[in-house]
Structure formats: structure tokens, C-alpha cells
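Q: Okay, structure incoming, though there's no sequence with it:
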Ligand SMILES: CCCCCCCC(=O)SCCNC(=O)CCNC(=O)[C@H](O)C(C)(C)COP(=O)(O)OP(=O)(O)OC[C@H]1O[C@@H](n2cnc3c(N)ncnc32)[C@H](O)[C@@H]1OP(=O)(O)O
């Protein structure tokens, strides 16, 4: 890690030309699993159904307990490769007066989908996330989210989520389909800012959480 960080920190700043969007751009990965995708497998040591998953990083805007304006989203393991989660919309999350910001709602969906990795013991990051905003979500609403993996194809994890107002059977407010891409822990070590990486690495709880994801049978 140190060498890759040093390389990154020592790298000259190179100008990045503005991307020329043309027909040569690769087409986007579809959001539905291809025909040869396989069903997701629940890891034998996945948290028991109903168990709180906890935060993967205390500073995470989605689930971290140390972010005063974060979502403090709490996710629980489902019986399959699925999770449920709750997020209370606070005043800090407004877009329009008294209503949740769409980007914040997308974050809640993203975070819930991201927590599916706990059930497969896989580290994955969002590659594509498509959200549908079905109804406005007022401040103080408890948004009930559920997310599930719909298929796995190589490193690609296809998943979908729904957010409902007021309860698990409440009216649908938001939906998302996403493709997450499996990565190694080096993804974070190589790309994260040195300061936060060093702080995380010196926190035994953080290292334990990262390792829990790394072990695959
Ligand atoms: C620990 C859990 C944290 C959870 C927090 C909540 C979730 C988040 O918000 S994560 C943060 C947001 N996401 C990111 O920052 C990711 C930024 N992107 C990247 O780092 C890279 O583009 C990354 C890692 C996704 C893919 O790069 P790389 O490993 O080089 O992929 P690559 O080898 O080119 O492609 C692998 C496969 O994935 C597909 N793929 C790659 N990128 C994407 C993408 N953006 N969308 C869809 N599919 C993609 C490729 O088509 C390829 O598919 P196939 O095997 O069929 O050919």
C-alpha cells in the first residue's frame, strides 16, 4: 500500500483533457443481469437474518455514526441475499422546503445496495446506479428500504432497491437498479486520501470490518 500511495502522492499533476463524447464511447453496462448470470450465493458466515449490519466506516456519509449530517442508515440482513434498511429524513437532507433532496435519496438507495456485500462477503463499489423518484419524501419521513441482488456475472453484481414511506408496506417513493463491481481492498488503499487511509488502518475495528469482507471460501 505504502508504495502505491507514495507513487500516487509523488505523481506529477497531468492535465486531463475534456472528454470528447462521441459514438466511440463504450456502451453502458445494462442494469439487468445477462442470461448467463448466476444466482447470488449467501456466504455461510453472513450475518443472520434480522441482524444489524453496522457501519462499514464510521465516517461514511450513508451509514457512519461519526457524520453529524450523514444519513445514519441502518441496514439489517435479510433471509436471502437481501437487506432492509431505515433512514429518517432530517432537515439537513432537504432539497426543496420540507422535502428530501433527490441526491440524498439516491445516496440512501446506493448505501442500502452497497450493504448487500456483507451477505456475500464481497467488497463492491457502485458502477452504475439508476434511480426513479416516484413521490416526494417529506422531512421526518422514515424511509424503509429493501435491496436484493438479482444476479452475478463475473465481478458484476446486479441489484435493485425500493424505498417506501412510513413502513415496509408503505407507498413506494424511490426505486433503483444498479450494477456494483467487485474490487479488492487495494481499491480503497490505492485511491483514498492518505490521511483517512492511515486513520482507518490504525483503527483495529476498521481493519476487522475490512477483513470480514475479504475472506471468500
Ligand atoms: C465497502 C462498500 C462501500 C459502499 C458505499 C456505497 C457504494 C458507493 O457509493 S461506492 C463509491 C462510488 N463508486 C466508485 O467510486 C467507483 C468508481 N469506479 C471505479 O473505481 C472503477 O471504474 C471500477 C472499480 C468500478 C471498475 O474498474 P475496473 O476494476 O478497472 O473494471 P474493469 O476491469 O474495466 O471492468 C470489470 C467489469 O465491470 C464492468 N464495469 C466497469 N465499470 C463499470 C461501470 N461503471 N458500470 C457498469 N459496469 C462496469 C466492465 O464492463 C467489466 O465487465 P465484463 O467483465 O463483463 O467485461
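A: The structure has been received and is ready for your questions. What you see is a predicted model, and the numbers here were worked out from it, not measured in a lab.
Q: May I have the phi/psi pair for the residue nearest in space to the middle of the chain?
A: The chain has residue 114 as the residue nearest its centroid, 2.7 Å off, counting by CA atoms, centre = their mean. Dihedral pair for residue 114: phi -60, psi -30, per degrees, to the nearest 10.
Q: going forward, begin numbering at 29 instead of 1
A: Yep, numbering from 29; the last one is residue 142 now.
Q: any idea of the pLDDT on it?
A: If you check residue 142, the pLDDT there is 98.
Q: can you check residue 239 too?
A: 70.
Q: For it, what is the enclosing helix or strand?
A: helix 232-242 (DSSP states H and E).
Q: One more: residue 158?
A: strand 152-161.
Q: Quick check: buried residues in that strand?
A: 152, 154, 157, 159 (16 or more other CB atoms under 10 Å). (C-beta placed from N, C-alpha, C; glycine too.)
Q: and if you look at stretch 203-223?
A: 203-210, 216-218.
Q: Roughly how far does the nearest residue to residue 73 once chain neighbours are set aside sit from the ligand?
A: Closest residue in space to residue 73, ignoring its immediate chain neighbours: residue 149 at 6.9 Å, by CB to CB, 6 or more residues apart in numbering. Distance, residue 149 to the ligand, using CB to the nearest ligand atom, to the nearest Å: 12 Å.
Q: Quick one: end-to-end distance for stretch 192-207.
A: Using CA to CA, to the nearest Å, one end of stretch 192-207 lies 21 Å from the other.
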